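Participant: just coords:
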């Protein structure tokens, strides 16, 4: 996406992240204040913030905790750009593997992550609420370069 910039999340991004989350019901609904406690990045273009990603690395594993993109900005490379920034952070932190969960019914997200090399590695029964739904656990060896 032309003119896309990825930068670290700041407290000034809270309203934009709340808006993106509200327009992305398939994404985890986190309070933006929680993002200041974890590594998080925002994607923005000339119109403002259009996506964000939150990740953490513990020992040699990175977990993608949340990734959401404005509906109008999807399928334009925003999610891939955010994932690449998170991967680079994980690489710098020494991650060997990366994993995440998605709602079983979220076919678009599952296809997105599969295009990025993720495979189904497990299931968490009734992990999600409202509605109750299983989580599909996806993972992959950590990419060396993307």
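Facilitator: Looks like it came in fine. Bear in mind that the values here come from a model prediction, so they are computed numbers and not experimental data.
Participant: residue 141 reaches residue 95, doesn't it?
Facilitator: No - counting by CB atoms under 8 Å, residue 141 does not reach residue 95; the two are 9.8 Å apart. For the C-beta atoms, the positions are set from N, CA and C on the backbone; glycine is no exception.
Participant: which one's more surrounded, the two?
Facilitator: More crowded of residue 141 and residue 95, by other CB atoms under 10 Å: residue 95, with 22 against 11.
Participant: which strands and helices lie in contact with the strand or helix carrying residue 135?
Facilitator: Remark: residue 135 resides in strand 133-141, with elements defined by DSSP states H and E. Contact partners of strand 133-141 among helices and strands, from 3 or more CB pairs under 8 Å, 6 or more residues apart in numbering; DSSP states H and E: strand 97-103, helix 107-115, strand 119-128.
Participant: helix or strand: which one has residue 16?
Facilitator: Going by DSSP H and E, residue 16 is in helix 14-22.
Participant: remind me, longest helix of the chain?
Facilitator: helix 78-93 (DSSP state H).
Participant: so what touches it?
Facilitator: By CB atoms under 8 Å, 6 or more residues apart in numbering, the residues outside helix 78-93 that reach it are 1, 4, 6, 39, 41, 43, 50-53, 55, 57, 62, 64, 67, 69-70, 98, 112, 116, 142-144, 146.
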